[in-house]
Structure formats: structure tokens, C-alpha cells
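In: no FASTA, just this:
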């Protein structure tokens, strides 16, 4: 006990003495400032100040004459006590541990030292954070953050296995501002594909990228009227590609509806593949999803109709039964009759979303080729609907085909893309399930493709892809960047991923005996996570942790674009996503942000004004057929309800759009009305002429007098028949032309 008291006394005395030294230095510095600030104009040279500082007692005596310094003396005892307590804890080791990864008995995890980061094998050598314009001139590469105010940039020739990045950031963690926007601004050589859930990234950077020499494209899955168009059937060059599209569309549509039953999924895939092959080969100028659905709903009312449709194809086509669509349909035909009808209905439900006028226009053709992304400098903004999975089949098809086309471009260029590509896939789970995505990540580096897979939590990825594939996706990313944690699953995962370290702790023990007692202090080693799960959940919002394959983890300050590239993205650079296409294509801007009929025609006939009337005609025929074929009142009511809905869609058309339609149609309608009036006038004269001829033939000698204009003629019976026939043909031709 006595020994313990002596040891404690030494520690207290030591802490007190060090505290006194600290207090004396503090008083000396503060006193110098207080004494010399009022006399700053008298200072002729800094040497005078330094000379007087050599006499600290004189300075403190002079400072005590100042009221400010006297007031500070009430605070100094508090500072002294805090200093002594802190020093005592350091000396005793109480409440503290010291990492000792070098000892390594329980783990060797530690944070990377700056000289290990900036070695030019993985990241660029030290480059100071400078002015925004100077920062734009940094070496090309992905910017992750700052260490000691120096940007951590993954350069093009890095020795890291691949450039794929897996990023986790809870809402508000700065994924967009500190990573996506920063790298879009900085990148000036590679093509870029970025998902943009709100459309804000496009609005902020589209003009900047145009100024940097990029072709700018917008695929707007949220509002398809304000988008470049995309038709997945434009990329069906081989039978396997039709199967891939069918597989992607059906799997992203059907699993939520029928529980993911493999039989129904495979059956739908087989039928959709059949229809895709037919449309692509037999209707090349009208090869789109709307036409695929039209064939299904037209010929798939009964199994006999569909069988007859493909039998006729085999009989009349030069390829006969070797036609790819016919061969594919034979697989569907193997299903039992009742089952086949269910397959038709199930696929019709899958394709029903592709029947709206906006999506039909969007998928009518492609305004640019996906191949060009790997051939020339281009940025593609993919605007996504928020919290809406309706278009996941189309979105996942887009990205699946994007990777396929980039791989094919690279295959034709010695396995290297002419222009390398960066993908920033924000809200990755909202893209649907991209087939074989984990395999794409494993191979894309060699082709010049890097992908940043960005999620809010690990659970999101597992829910979409399952646990095994999620781990494979993360494993194929050499860089894993934690920007913020909002759930325990993600926190625990990254805590284990960062690893265990060895820590040194101190303990004090005492013993008693008849002869006295003894105290001892010992050092012990134990293991702990370098960052525990709760420490990660409390991580500073301005910091992130970057894990690199083969490297120690790095604790970075986030490189927010509004600080690192301050002043680059100004309000003048912003452009509305509703107006950008018009600005890019040189069309006049609208006062409001609503497209009229002329706008739609200006965007490459992106809207068909009469498309709803075609659908109504089909629904009316369906009503007639159902009423004639069944007594089921529910079917009749359902069909009538569909018809009424379509009529309501037309009746609710915007008044401005109706005026535009009338403006476009009125010249042609006027021409038709004038021509029809002329025809009616001529037709009204013709019966009188015929009556006069008959009277003359009867020999009664009476000729009917007609009031005729100068240009009217009197016809005999043969000429009259020819004339009437010519009038009918002329009328039909006029209607067709109009």
C-alpha cells in the first residue's frame, strides 16, 4: 500500500510540476501580447520585443498593471487543474490505450501514413490543394479526398488491381457533393455515364462538360418526353442478344409478381425472345417493344391464333421452319394448352408498361449509339425515378446492353476501348438486377472501364442481389470507400473489414501481507477493432475511410466540390433538365417548361398525336368481341372500363396542346373541305345529267334543262360512269394524302 501511495505521489507531483511549467509559459506569452499590443506603433524592430521577452518576470510585472491580465488570473487556476488532470491520466495510463500494431500479437491494422499513400504507385505524388483552377489541372484520375490538405488521386497507371469502387454512404453523407460531382468536374479525358436520381447532376454540370468538349446525352427514365431516345431492339444483332434482353426484362418484372417461380420466368423469357426475334427480322423499320406487345395482344387471344400465326410464318417465309422466331416458338408450344394461355397473359402484364404514348415514343428509335460512348468523349446522364421500381426492367436492360456494347467495341480494338469510360452508379439498387454484374466488375479493368457502385447501405445490395452476389460485387472492387454509416449491418461489416489492431494498456496492482504491501504497474497487450462499429456510426461527417486492396486503410477529409472546385459550378452554369435538349439542339427556349406538339415534332417525331386513337379502336373491337363471345358481365365491364379510361385520357389533353394540333392540321383540313365541297357539287349535278340522258333515250323528245356553270359538262351514260368512278378514286386518294 505504501509503495502504491509513493507511486501515486510521484505521478501527482510530476503532473503538477509539468502543469506549473505550462502555466508559466502561458502567463509569459499572454503577458507579452498584452504589454506590446498597445505599444505596437512604437515597435521599431522585432528584436526589441525578443529582447524584452528574455526577462519574463519583468513582463509579468508589467502585465499585472493591465486590468485585462488581472482578469485572466481568475481563469488560470482552472486551466492549471485541467492540465494536471490530463497529465496525470497520461502518466498513469488510466482511461487510455495506445495502439501498437507493430507488436502485432492481436492484429496489425493501422491507418496509412501519408508517405505510404502518396508514392505514385497507387496515388499521385503530393499535390497541394490550390486554387480551383489549379486543382482542375491536376493529373487525371479519381479524387477520393484529402490527407494533410493534399488530394488523394488514383491515377491512370495505378498498380491497384482495378479501378472499381464500392461506396457506402447513408443519406446526407455527401456521396454526390464530395465524390460524384468532384470527379465529374475533374474528369476531362474519359467518357462518363452517371445515374442522376433527381436530375440535379445534369442541371449543374451539363454546360460545363460541353465546354470541356464532351457530347452530352440525357436518358430520362423519369420523364421520357425530356430525353434522348433509346430502343433496346436496335442492338439485337444475334439470337443470344434477344434472349439476354428478354431475360433482363422478365426477371426484373416478374419476380415481384409471381414470387420468382423459375418455370414462369423461363416461359415468359422464351415467349418474349420469340416475339423479339420476329419483330426484329420481319418488321425492321418498326422493331420496338410497342410492336412486340401489339403482336402478342393481337395474335395471343387464344393459343390457336398464335399457333396459326407462326405456322403461317413457317409456310410463307423463305427460311421456312428454320426461321429463328419459329424455332423459338416451338419451345413455347411444348407447354400445355392451359399453361400456354397463362404464359401469354403473364407476358402481356409484363409488357403493359411499354404501351403508354410517352414510352412508345421514347423506345421508337435510338438518338445515339451506346457504342459511341467508348469511341468518343461523351457524358450520359441517366435520370432515374425516385422510389419507383416501374422502369427497373428498362433501366437494367439499358446498362446490360451498355456493358455488352462497350465490350464489343473493345474486342474490335485489340481489347481496349478507344476512349476509356467511368461509370458513377449512384443509387445502384434502383437500377434493377444487371445480369452478371459481378463478372463484369471482374473483367472490365482490362477494357478500360471503371465502375463506382454506390449504395446507402449493405442491406440494400443484399436485398437486390442476395448475400453471395453482394459479397462478390464488393470483392471485385479494389477500393471500398465508407462515407457514412446509418445501420448496424454496414457498420459491423466495415469494422471487420478494416481489421483488428493490438493495443497497449497499463494496469496497477497491489498486494498485502503481514510484512507490508507492494504495488506494481504493468503493461499489457490486447486486441480491438481499429474502428469499432459504434465509432464508425459516430464518424465525423466531413471524414471518410478508404480501403484499398493491399494497403492500410486511409482516413480522408472529403473533397467537397464546392470547396475543392469553389466557383466552378455557378448559377450561370445551371440549365433546366426540361430545357437542356432544346438548348443543345439549337431550338428556341420555351417561356414555360411544357412541351407542345411542335416541340415533340422537333425532337424527331417523339410523340404520335393519334396514337391514343389507335388504342381506342382496338379496345372498341375488343368490347364488341367480348360482348359477342361471352356472357361474363365482369369481362364486359372490364373492357368498357378500359375504353372509358382511354377516352378520358384524350378528353383531359391540355388545351394548349389541342390548339397546337388544330394549328398543325387546319391547313390540310381546309384543303380537304374545299375539295370535298367541289366533289359534292359535281355529284349533285351528275344525277340530273343522267336523268336527262334517260329522257333522251326514251325518245320523248323532252330534254331536261339544267342550270350549269360555264365549266360544267353534259355527259352521256358511258362518260358518266367513268366520271363517277374517277370521282370516287380521286376522293380516296385525297383522303390518303391528307
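Out: Good, I have the coordinates. As the structure is a computational prediction, the values presented were derived from the model and not from experiment. Numbers count the residues shown, from 1 in each chain.

In: use CA for all of it now, contacts and neighbours both
Out: Noted.

In: ok, residues contacting the helix or strand residue 143 falls within?
Out: Per DSSP states H and E, residue 143 falls inside strand 141-147. The contact list for strand 141-147, computed with C-alpha atoms under 8 Å, 6 or more residues apart in numbering, reads 114, 151-156, 178-179, 182-183, 187, 544, 555-559.

In: go on, stretch 67-82?
Out: With C-alpha under 8 Å, 6+ apart, stretch 67-82 has contacts from 19-20, 23, 30-31, 34, 63-64.

In: now the buried members of these.
Out: Buried members of those, counted by 16 or more other C-alpha atoms under 10 Å: 19-20, 23, 30-31, 34, 63-64.

In: filter these down to just the ones in helices.
Out: 19-20, 23, 30-31, 34, 63 (DSSP state H).

In: what secondary structure does the residue nearest to the spatial centre of the chain sit in?
Out: The centroid of the chain falls nearest to residue 195 when counting by C-alpha atoms, centre = their mean (2.0 Å). Recorded secondary structure, residue 195: strand (DSSP: H, G, I helix; E, B strand; the rest coil).

In: partner residues bridging it?
Out: Residue 195 forms beta bridges with residue 382, as assigned by DSSP bridges.

In: what residues are up against it?
Out: 381-384, 424-427 are the contacts of residue 195 under C-alpha under 8 Å, 6+ apart.

In: just how off-centre is stretch 163-173 within its chain?
Out: With C-alpha atoms, centre = their mean, to the nearest Å as the basis, stretch 163-173 stands 13 Å off its chain's centre.

In: that should have said stretch 357-364, apologies.
Out: With C-alpha atoms, centre = their mean, you get 20 Å for stretch 357-364.

In: tell me the pLDDT at residue 729?
Out: Note on residue 729: pLDDT of 66.

In: how many other residues sit next to the closest residue to residue 158 other than its chain neighbours?
Out: Excluding the flanking residues, the one nearest residue 158 by C-alpha to C-alpha, 6 or more residues apart in numbering is residue 122, at 4.5 Å. Applying other C-alpha atoms under 10 Å, we find 21 residues neighbouring residue 122.

In: residue 122 touches residue 154, doesn't it?
Out: Yes - Residue 122 is within contact range of residue 154, at 6.2 Å (criterion: C-alpha atoms under 8 Å).

In: residue 309 versus residue 275, what's the distance?
Out: 11 Å (C-alpha to C-alpha, to the nearest Å).

In: mind checking which of the two has more residues around it?
Out: residue 275 (23 against 15).

In: separation between the more buried one and residue 337?
Out: 19 Å.

In: now residue 186: how far from residue 377?
Out: Taking C-alpha to C-alpha, one finds residue 186 at 14 Å from residue 377.

In: thinking again about what came up before, for residue 181, see how far away the residue nearest to the centre of the chain is.
Out: 12 Å.

In: returning to that earlier point: helices or strands next to the very next helix or strand once past the strand holding residue 143 in the packing?
Out: Using DSSP H and E, the next helix or strand after strand 141-147 towards the C-terminus is strand 150-155. For strand 150-155, the packing partners by 3 or more C-alpha pairs under 8 Å, 6 or more residues apart in numbering; DSSP states H and E come out as strand 141-147.

In: measure stretch 345-362 end to end?
Out: Using C-alpha to C-alpha, the two ends of stretch 345-362 sit 25 Å apart.

In: so for it, mean pLDDT?
Out: Here the average pLDDT along stretch 345-362 is 92.

In: pull out the buried residues from that stretch.
Out: Here stretch 345-362 shows 345-348, 350-351, 354-355, 357-362 as buried, counting by 16+ other C-alpha under 10 Å.

In: in CSV, list those residues along with distance to residue 538.
Out: Listed next are the buried residues of stretch 345-362 as CSV, based on distance: C-alpha to C-alpha, whole Å:
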residue, distance to residue 538
345, 52
346, 48
347, 48
348, 50
350, 44
351, 46
354, 46
355, 48
357, 49
358, 46
359, 45
360, 48
361, 49
362, 45
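
In: quickly name whichever of those residues is closest to residue 268.
Out: Among these, residue 347 lies closest to residue 268 (C-alpha to C-alpha), at 5.8 Å.

In: just confirm the closest one is within a helix.
Out: Yes - looking at residue 347 with three-state DSSP, it is inside a helix.

In: quick one: the strands in the chain, in order.
Out: 98-99, 141-147, 150-155, 165-169, 191-196, 215-220, 378-383, 421-425, 449-455, 479-484, 500-513, 516-529, 543-548, 554-557 (DSSP state E).

In: rank these by mean pLDDT and give me the bottom one.
Out: strand 98-99 has the lowest average pLDDT among the strands of the chain, namely a mean of 58.

In: residue ranges in the stretch 551-700 of the chain under the pLDDT threshold?
Out: Scanning the stretch 551-700 of the chain for pLDDT under 70 picks out the ranges 588-700.

In: try 90 this time
Out: 572, 582, 585-700 (pLDDT under 90).

In: same deal with the stretch 251-400 of the chain?
Out: For the stretch 251-400 of the chain (pLDDT under 90), the answer is 253-264, 301-303, 320, 335-339, 341, 355-356, 386-389.

In: let's see that with 50 instead.
Out: 258 (pLDDT under 50).

In: same question for the stretch 51-200 of the chain.
Out: In the stretch 51-200 of the chain (pLDDT under 50), the answer is 93-96.

In: report how many residues lie close to the closest residue in space to residue 309 that isn't next to it in sequence.
Out: Excluding the flanking residues, the one nearest residue 309 by C-alpha to C-alpha, 6+ apart is residue 299, at 6.9 Å. Residue 299: 17 surrounding residues under other C-alpha under 10 Å.

In: residue 388 too?
Out: 10.

In: distance check, it against residue 429.
Out: Residue 388 is 11 Å from residue 429, by C-alpha to C-alpha.

In: gap between residue 276 and residue 435?
Out: 19 Å.

In: then residue 154?
Out: Residue 154 is 28 Å from residue 435, by C-alpha to C-alpha.

In: have a look at these two and say which one is more surrounded.
Out: Each of residue 154 and residue 435 has its neighbours counted (other C-alpha under 10 Å); residue 154 has more, 22 against 17.

In: what's the closest non-adjacent residue to that one?
Out: In space, residue 154 is closest to residue 123, 4.6 Å off (C-alpha to C-alpha, 6+ apart).

In: surely that neighbour and residue 116 touch.
Out: No - counting by C-alpha under 8 Å, residue 123 sits too far from residue 116 to count as a contact (9.5 Å).

In: what about those two, which has more around it?
Out: residue 123 (23 against 15).

In: need the contact list for residue 452.
Out: 164-167, 422-426.

In: wait, residue 396
Out: For residue 396, counting by C-alpha under 8 Å, 6+ apart, the contacting residues are 248-249, 252, 431-434.

In: again, but for residue 405
Out: Counted by C-alpha under 8 Å, 6+ apart, residue 405 has contacts 370-371.

In: could you check how far it is from residue 487?
Out: Taking C-alpha to C-alpha, one finds residue 405 at 37 Å from residue 487.

In: quick check, residue 117 in contact with residue 123.
Out: Yes - assessed by C-alpha under 8 Å, residue 117 is found in contact with residue 123 at 6.5 Å.

In: identify the contacts common to these two.
Out: Residues touching both residue 117 and residue 123 (C-alpha under 8 Å, 6+ apart) are residue 152.
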